[in-house]
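Engineer: Next one to model:
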Amino acid sequence: MRGSTKASDLKRPNVLFIAVDDLRVELACYGSPHVISPHIDQLAREGTLFENAYCQQTVCNPSRASVLTGRRPDTLRVWDLPTHFRANSPDVITLPQYFKENGYFSQGIGKIFHNWRQDHWRGDPDSWSVPSVLHYNSHSKDKPVVAGEVPPDVSTLKLTESRDVPDDAYFDGRVAEAAVKALRELKGKKEPFFLGVGFWKPHTPFNAPKKYWDLYQPERIPLPANTLPPQDVPEIALTSDRFKGTESELREMHHGHLAAISYLDAQVGKVMEELKALNLLEETIVVFWSDHGLHLGEHGLMRKTTVFDLDARVPLIIRSAEFARRQRSDSLVELLDIYPTLTELCGLEFPKGVEGVSLVPLLEAPGRSVRQVALTQTARPNYPRGEMPEVMGYSIRSKDHRYTEWRDFASGEVVSRELYDHRRDSGETVNLAGREDVVSLVEKFSEQLQAILHEEKSGESFGTESGPVKE
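Structural biologist: Numbers count the residues shown, from 1 in each chain. Predicted coordinates:
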């Protein structure tokens with residue numbers, strides 16, 4: 001099936017492209033047994049789970065633009081929430097658009113592209129065979145919709161909401177229903193389909209129906225081990241949104257977060273169960289991914305937009321009947337790699353301009369490696385409103401370390417550095433960059449990062465096993 005073929009060849013596999021919002025690596029299948037996520041766990045058992053997948057920027061719009069175009073934020077010049085990727089790259093061919101142009105029926109439901117601004121809230125019409133549906137303008141507008149009076153909210157925090165309502169009272173429940181309906185309609189089509197299904201949860205507010213809250217016992221919910229900033233961390237590495245509540249408030253926030261994950265999981269389950277009921281599962285490639293992670297008190301921070309591992313590392317699962325089940329890969333990978341992976345799996349030519357690498361070698365043999373490092377960045381201010389950010393944090397994750405440089409975006413001058421040793425400090429609690437005993441290691445990583453950024457500007461593949469960069 002893989003390799004370059006013509007659209008007239010045998011029917012290619014379908015693609016179910018499941019995007020979720022703000023889901024950090026906190027699932028049972030990722031080693032968090034306190035999380036009730038049976039449907040995502042089942043998907044992981046049926047496919048390949050990537051232990052070390054990283055997003056390209058830790059905020060929604062740049063991350064999604066990167067995934068869906070196969071290009072890095074600096075290539076697109078998209079670093080904030082408002083900028084549409086076509087503003088600077090009007091002719092770029094998106095992932096669903098590429099499939100559409102190669103004989104696929106392409107359909108989008110829910111949040112696939114970022115939909116924050118009214119003037120482009122439908123994401124990207126050129127990407128779809130039919131208009132995308134169930135978009136929204138603001139997370140805060142996901143109010144419960146029920147027949148009759150809305151049940152009371154039994155939670156107490158501004159970020160949480162617990163009401164005894166059905167799943168479809170909120171946005172994600174309706175997304176799942178629309179996806180099920182779409183699958184039934186797609187079943188009868190002659191051409192293969194690319195179906196993008198975008199769920200909002202577990203983005204704040206944590207407003208899952210009460211039955212998902214009831215899955216958890218509050219006193220058994222684990223809280224962050226460290227709510228202080230890392231030792232010797234530069235202030236620029238932190239966000240202005242700090243956690244200032246009590247332990248009970250922290251516990252309720254995490255309770256709501258877990259409820260939102262389980263609510264999301266149930267919606268994913270509905271879509272997967274319908275795919276199976278329609279006998280489409282074995283002829284469909286399923287990709288499950290999150291745009292970035294999230295801080296909920298860890299490091300004393302809230303939200304995302306850092307380059308700490310908690311924000312940069314994301315879940316990524318690929319299921320294909322062509323490969324073995326119950327696979328886990330420790331290889332460093334990037335969300336940027338989804339685009340070329342799907343095109344190879346579906347027998348399409350490698351698209352021009354795409355900057356990722358195919359993960360098919362890891363699906364064939366999970367013990368292999370395709371990257372020496374994974375690059376994540378974030379801008380300061382958090383959401384720059386001008387043409388360019390003032391400072392950019394570039395961070396590379398190797399097998400054992402995370403190294404970060406905060407650079408003046410205009411001059412390229414390094415203003416701060418960070419180094420964390422994941423062999424001894426997986427929570428990134430101590431910045432080693434200023435210590436004398438790691439000077440040579442810092443120099444090595446700095447040279448490596450500089451080479452990566454140079455290759456990025458020149459359009460070369462970088463940080464890969466076949467590339468020139470050596471750690």
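Engineer: Give the next helix or strand downstream of the helix of greatest length in the chain.
Structural biologist: Using DSSP state H to define each element, the chain has its longest helix at helix 247-277. Sequence order places strand 284-290 as the next helix or strand after helix 247-277, per DSSP states H and E.
Engineer: can you give me the angle that next one makes with helix 247-277?
Structural biologist: Here the directions of strand 284-290 and helix 247-277 differ by 170 degrees (axes from the mean of the first three to the mean of the last three Cα atoms, to 10 degrees).
Engineer: Just the residues contacting strand 284-290, thanks.
Structural biologist: Contacts to strand 284-290, defined as Cβ atoms under 8 Å, 6 or more residues apart in numbering, come from residues 13-24, 40, 43, 47, 53, 55, 67, 268, 272, 275, 314-320, 335, 338, 342, 345-346. Heads up, the C-betas are built off the backbone N, CA and C, glycines and all.
Engineer: Walk me through which strands it pairs with, and which way each runs.
Structural biologist: Strand 284-290 pairs in its sheet with strand 14-20 (parallel), strand 316-319 (antiparallel), by DSSP bridges.
Engineer: which stretch among those comes nearest Leu250?
Structural biologist: Evaluated over the strands paired with strand 284-290, closeness to Leu250 peaks at strand 14-20, with 23.2 Å, by Cβ to Cβ.
Engineer: now the strands for the protein?
Structural biologist: With DSSP state E as the criterion, the chain has strands at 14-20, 48-54, 105-110, 193-198, 284-290, 295-296, 302-303, 313-314, 316-319, 327-334, 374-380, 391-397, 401-408, 414-421.
Engineer: Now tabulate these in TSV and tack on distance to Trp79.
Structural biologist: Shown next, in TSV, are these (distance: least, Cβ to Cβ, whole Å):
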stretch	distance to Trp79
strand 14-20	20
strand 48-54	17
strand 105-110	24
strand 193-198	21
strand 284-290	19
strand 295-296	19
strand 302-303	16
strand 313-314	18
strand 316-319	22
strand 327-334	17
strand 374-380	4
strand 391-397	8
strand 401-408	13
strand 414-421	17
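Engineer: which one of those has the lowest average pLDDT?
Structural biologist: Comparing these by mean pLDDT, the weakest confidence falls on strand 302-303, with a mean of 90.
Engineer: contacts for it?
Structural biologist: Residues contacting strand 302-303 (Cβ under 8 Å, 6+ apart): 204, 239, 241-243, 294-296.
Engineer: Closest to Ser426 out of those residues?
Structural biologist: His295 (15.4 Å).
Engineer: My read is that that closest one contacts Leu301, right?
Structural biologist: Yes: counting by Cβ atoms under 8 Å, His295 touches Leu301, with 4.1 Å between them.
Engineer: Need the residues touching each of those two.
Structural biologist: Residues touching both His295 and Leu301 (Cβ under 8 Å, 6+ apart) are Thr239.
Engineer: Which pLDDT value belongs to the residue nearest to Asp168 when sequence neighbours are not counted?
Structural biologist: Once flanking residues are discounted, Asp168 sits nearest to Arg174: 5.3 Å by Cβ to Cβ, 6 or more residues apart in numbering. At Arg174, the model reports a pLDDT of 96.
Engineer: And for Thr69?
Structural biologist: 98.
Engineer: same deal with the one 5 residues further on?
Structural biologist: The model reports Asp74 with a pLDDT of 95.
Engineer: show me the contacts for the closest residue to it other than its chain neighbours.
Structural biologist: The shortest distance from Asp74 to any non-neighbouring residue, by Cβ to Cβ, 6+ apart, is to Glu456 (6.4 Å). By Cβ under 8 Å, 6+ apart, Glu456 lies in contact with 72, 74-75, 355, 462.
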